[in-house]
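A.B. asks: please find the sequence and the predicted model below.
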Amino acid sequence: MERWDVTVIGAGVEGSAVARELSRYDLAVCVLEKELDVACGNSGRNTGMLHAGFTYFVPSSGILDPMEYTIALAENACQNGVKFFFDRKVTAIERDEEADAYRISAETAQGTETFSTKWVVNCAGMYASQISEMLGYPNYPVRGFKGEYFVLDKKAGAFLKIPVYPALKRFYDMTLEEQKAAIEADPNYGEIVCRCETVTRAEILRAIHNPLGVHTVTGIKNRTRATMGRCQGGYCETRITEMIEQELGVDPVDVRFSKEGSWMFTGAVRKDPTATNANADGEDVTER
Ligand SMILES: Cc1cc2nc3c(=O)[nH]c(=O)nc-3n(C[C@H](O)[C@H](O)[C@H](O)COP(=O)(O)OP(=O)(O)OC[C@H]3O[C@@H](n4cnc5c(N)ncnc54)[C@H](O)[C@@H]3O)c2cc1C
């Protein structure tokens, strides 16, 4: 069992910012997150308004991409030495007085793991009260409010006078000269993988090789906007899946859409007698 100085529970914007801040110090810091990527809770589902207080219409109000912001915080923390553990749902915390530490139990697809830590930082968002209860502080109030989002075509933006969603500087937003220079520097910019959002192969490759080691299809979407256009991934989703397989050398049946268990493929639907993993009868004998 590894011993940590600080364990942050939850990899939303709060947990990622705390982890990044702590990475400035000489501490062994880890983050436990129940999902397979950062920003899978509220931090990936908000409006991106940088609130200045009582009204949106003041100069210090603004918009940012909350997904990109959270990913940047987490990736920077990771590059500075913080260890992120995904697919770790904290289910129990015990106090070990002898070791002057907390003993955290986290569920994974493989079973339960235990983490020993001197300090715990609770960044579990809407589930923060569950964690505080595990730490011996019950009844921490968390109040949720439901809202609704409407996804509009980009053209609708021309009719709106107030900010609705952030516009990002990507290949799509570059000038023609900038695009030409990008393609000259890296020909992968010359291949469009997501036609609706004009996301290039170079951008998808960069997302696949992210420092956090996230390789779900939704992870690529959150880092590039691919699959977020009009066809909602009808054209590019299979291409992205194929790129994940090729780049990381994983089997198609091992690629997940977003969560643990959300496999993109459950196995072969047709027998391929030429496949190396087929038996003498042409049956696919790939094992999970
Ligand atoms: C619809 C909507 C619109 C919003 N718009 C804005 C806005 O415009 N501007 C603004 O400033 N704020 C906005 N907010 C609020 C903002 O999104 C949240 O305040 C912020 O994202 C909270 O971040 P967090 O890291 O605390 O929580 P979360 O992002 O929810 O992160 C908590 C993390 O903890 C993980 N977790 C939970 N339990 C466990 C466990 N047992 N073990 C391991 N991991 C666990 C979760 O999986 C999750 O990843 C909005 C919120 C919503 C819902």
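C.D. replies: Perfect, I can see it now.

A.B. asks: could you give the mean pLDDT of the helix or strand Ala72 falls within?
C.D. replies: Under the criterion of DSSP states H and E, Ala72 resides in helix 66-79. Averaged over helix 66-79, pLDDT sits at 96.

A.B. asks: and stretch 227-245, by the same measure?
C.D. replies: For stretch 227-245, mean pLDDT rounds to 95.

A.B. asks: before we move on, what about stretch 187-197?
C.D. replies: Averaged over stretch 187-197, pLDDT sits at 96.

A.B. asks: and the nearest residue to Thr112 once chain neighbours are set aside, what's its pLDDT?
C.D. replies: In this structure, Thr112 finds its nearest non-sequential neighbour in Ser105, 5.5 Å apart by C-beta to C-beta, 6 or more residues apart in numbering. Using the backbone N, CA and C atoms, a C-beta is placed for each residue, glycine as well. Looking at Ser105, its pLDDT is 97.

A.B. asks: isn't Ser105 up against Ile93?
C.D. replies: Yes - with contact defined as C-beta atoms under 8 Å, Ser105 and Ile93 form a contacting pair (7.4 Å).

A.B. asks: when the two are compared, which one has more neighbours?
C.D. replies: Ile93 (22 against 16; other C-beta atoms under 10 Å).

A.B. asks: in what helix or strand does the more buried one lie?
C.D. replies: Per DSSP H and E: Ile93 is located in strand 89-96.

A.B. asks: same check on Gln179?
C.D. replies: Assigned by DSSP H and E, Gln179 belongs to helix 176-185.

A.B. asks: buried residues in that helix, which are they?
C.D. replies: Across helix 176-185, burial judged by 16 or more other C-beta atoms under 10 Å covers Gln179, Ala182, Ile183.

A.B. asks: name the residues that touch that helix?
C.D. replies: Phe171, Met174, Tyr189, Gly190, Ala202 (C-beta atoms under 8 Å, 6 or more residues apart in numbering).

A.B. asks: after that helix comes which helix or strand?
C.D. replies: strand 192-194.

A.B. asks: pull the distance from that following strand to the chain's centre.
C.D. replies: With C-alpha atoms, centre = their mean, to the nearest Å as the basis, strand 192-194 stands 20 Å off its chain's centre.

A.B. asks: which residues does it contact?
C.D. replies: Applying C-beta under 8 Å, 6+ apart, the external contacts of strand 192-194 come out as 198-201, 204, 224-227, 229, 235-236, 239-240, 243.

A.B. asks: helices and strands around the helix or strand just after it, which ones?
C.D. replies: Later in the chain than strand 192-194, the nearest helix or strand by DSSP H and E is strand 199-200. Judged by 3 or more C-beta pairs under 8 Å, 6 or more residues apart in numbering; DSSP states H and E, strand 199-200 is in contact with strand 192-194.

A.B. asks: how about the residues of the chain by the ligand?
C.D. replies: By the rule C-beta under 6 Å from any ligand atom, the part of the chain lying against the ligand is 9-15, 32-35, 40-43, 45-49, 51, 89-90, 123-127, 147.

A.B. asks: let's see the ChimeraX selection covering just the buried ones among those.
C.D. replies: Those of the residues of the chain next to the ligand that count as buried under 16+ other C-beta under 10 Å are selected in ChimeraX with:
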select :9,10,11,12,13,14,15,32,33,34,35,40,41,43,48,89,90,123,124,125,127
